[in-house]
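Undergrad: Following is a predicted model, sequence given first.
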Amino acid sequence: MMNRPPLSSLPALIATSLALAGLLCLTWWQRPTADRLVVYCAHDSVYSEAVLRDFERETGIPLEIRFDTEATKSLSLVSLLVAERENPRCDVFWNNEVLGTMKLKGQGVLEPYAGPGYERIPEQYRDPEGFWAGFGARLRVYIVNTDQTNTDQPAAMDDEIDATLAGDLSNVAVAQPLYGTTLTHYAVLWQQWGADKLQQWHHESRDQGIVEVKGNSVVKNLVAAGKCALGWTDTDDFFLAVDEGKPVDMRPIRTPNGETICIPNSVAIVKNCRHRKHAEKLVDYLLSENVELRLANSRSRQVPLGDVDESKLPEQVRQLRPFVAEGVDLNGVADAHRECLEWLQAEYSQ
């Protein structure tokens, strides 16, 4: 007769079996399939996954995609890529901004590739050594509730924005600047204003009651609902409010030097990746006119950086194209970004 374990030991055996099964599952999920091109993607999956699946279908190159849907998604994927530097799992990184991608270049995580896609992107939106290139951009804008603001003439709205920013800021909403495009915005101010002036402005704004929230979408919601008159956000969030029929308008934010803040997606190849040739094909695909037009015609209305057939653009995006040409060159902001983030982390840890 087969020996059976005593009943008293069964719970321990079951727990051990479950733990081993969990470990096997975790190992399976953590190890990319050998023949698949591995993509880490910080852009919203609702827009990016269909693009990536079309690449998969059109080229026959199978993909393994890792999305990160947390509010700090770009930062967390950048940290993961740094942690995996000695044994990379990812082949291509699609970031939803550029300063984190610049950090990866500085830490030796990326390797250059300047193919035909790279060549169609303007110089101010690509790495001069070919380590990354931008595409499909958002602009930093003031979102304005038109029920609370004079919108008869553009100049009247501009005057009212200036008056609001110069007065009581309890009617103005911004995202906490620790992450995302608001951190990029702060880094630009750090570079152009200098650390002392930005820190003084930041403290004075908080003393005057500026409304700090968790993200740009919350800013959009507050202004769209009339709970704040004005806020900082990005064009993709602004257009969501437009689609919802909210009483909103927007104006591009200008830097102290008079430039716009245009923040593209970026794409880069990971150093020592397993599928270099396939990675190059995906990079060129993402930097193509077709993908830029596709993102422009999505709900987020992202603005193409390279030359495209203007007749295929929504009118709202066509109107934003001139502001892209006036965008600040983010290549020079990497050092300011690092220093500004260190200060902000200390500021918000108190």
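TA: Cool, the structure landed.
Undergrad: Now Val39, what are its backbone angles?
TA: With angles defined as degrees, to the nearest 10, Val39 sits at phi -120, psi 130.
Undergrad: pretty sure it is touching Leu63, no?
TA: Yes. The pair Val39 / Leu63 is scored as a contact, 5.7 Å apart, by C-beta atoms under 8 Å. In this view, the C-beta of every residue, glycine as well, is placed from N, C-alpha and C.
Undergrad: more neighbours, these two?
TA: The neighbour count for Val39 versus Leu63, taken as other C-beta atoms under 10 Å, is higher for Val39 (23 against 20).
Undergrad: domain ranges for this protein?
TA: According to automatic domain parsing, the chain comprises the domains 34-137+264-328, 138-261.
Undergrad: Nearest to Ser349, out of those?
TA: Among the domains of the chain, domain 138-261 comes nearest to Ser349, with 10.1 Å by C-beta to C-beta.
Undergrad: what residues are shared contacts of Val39 and Leu63?
TA: Residues touching both Val39 and Leu63 (C-beta atoms under 8 Å, 6 or more residues apart in numbering) are Leu52.
Undergrad: what about Gly231, distance to Lys220?
TA: Per C-beta to C-beta, to the nearest Å, Gly231 is found 7 Å from Lys220.
Undergrad: shared neighbours of those two, anything?
TA: Ile143.
Undergrad: The two: who's more crowded?
TA: Between Gly231 and Lys220, Gly231 has the larger neighbour count (other C-beta under 10 Å), namely 31 against 26.
Undergrad: Which one of the domains of the chain lies nearest to Leu344?
TA: domain 138-261 (5.5 Å).
Undergrad: what's the span of that closest one from first residue to last?
TA: Terminal residues of domain 138-261 lie 9 Å apart, using C-alpha to C-alpha, to the nearest Å.
Undergrad: Quick one: distance of it to the chain centre.
TA: A distance of 17 Å separates the centroid of the chain from that of domain 138-261, by C-alpha atoms, centre = their mean, to the nearest Å.
Undergrad: the helices in this protein, which residues?
TA: Along the chain, counting by DSSP state H, helices occupy 10-30, 45-59, 73-83, 99-106, 116-119, 154-166, 180-193, 195-207, 216-224, 235-243, 276-286, 289-296, 315-325, 334-349.
Undergrad: what's the closest of those to Val270?
TA: Taking these one by one with C-beta to C-beta, helix 73-83 is closest: 6.7 Å.
Undergrad: For that closest one, name the packing helices and strands.
TA: When contacts are defined as 3 or more C-beta pairs under 8 Å, 6 or more residues apart in numbering; DSSP states H and E, helix 73-83 sits against strand 37-41, strand 92-95, helix 99-106.
Undergrad: Same question for the longest one: list its buried residues.
TA: In this case it means helix 99-106. Neighbour counts over helix 99-106 (16 or more other C-beta atoms under 10 Å) mark Leu99, Gly100, Thr101, Met102, Lys103, Leu104, Lys105 as buried.
Undergrad: which of those residues lies closest to Thr255?
TA: Checking those one by one against Thr255 (C-beta to C-beta), the nearest turns out to be Leu99, at 14.9 Å.
Undergrad: That closest one - nearest residue in space that isn't next to it in sequence?
TA: Leaving aside its sequence neighbours, Leu99 sits nearest to His337 (C-beta to C-beta, 6 or more residues apart in numbering; 4.5 Å).
Undergrad: Pull the contacting residues for that neighbour.
TA: Taking C-beta under 8 Å, 6+ apart, we find His337 in contact with Leu99, Met102, Lys103, Leu183, Thr184, Ala187, Trp190.
Undergrad: what's the answer for Ile253, then?
TA: Leu139, Arg140, Val141, Tyr142, His185, Trp232, Thr260, Ile261.
Undergrad: So which of those are in strands?
TA: Assigned to strands by DSSP state E, the following of those qualify: Leu139, Arg140, Val141, Tyr142, Trp232.
Undergrad: Narrow the residues you listed to just the buried residues.
TA: Of the ones in strands among the contacts of Ile253, these count as buried by 16+ other C-beta under 10 Å: Leu139, Arg140, Val141, Tyr142, Trp232.
Undergrad: any idea how far the closest residue in space to the first one that isn't next to it in sequence lies from Arg321?
TA: It stands for Leu139. Among residues not flanking Leu139 along the chain, Thr235 sits closest, at 4.8 Å (C-beta to C-beta, 6+ apart). As judged by C-beta to C-beta, Thr235 and Arg321 stand 12 Å apart.
Undergrad: of the two, who's got more company?
TA: Shown here are Thr235 and Arg321; by other C-beta under 10 Å, Thr235 has more neighbours (26 against 15).
Undergrad: contacting residues for the more buried one?
TA: Counting by C-beta under 8 Å, 6+ apart, Thr235 touches Arg138, Leu139, Val141, Met250, Ser300, Arg301, Gln302, Val303, Leu320.
Undergrad: same check, this time on Asn145
TA: For Asn145, counting by C-beta under 8 Å, 6+ apart, the contacting residues are Val223, Ala224, Gly226, Cys228, Ala229, Leu230, Pro247, Val248.
Undergrad: Any idea how many residues pack against the third one?
TA: Same thing as Gly226. Neighbourhood size, Gly226 [other C-beta under 10 Å]: 14.
Undergrad: and if you look at the first one?
TA: When neighbours are counted by other C-beta under 10 Å, Val223 registers 32.
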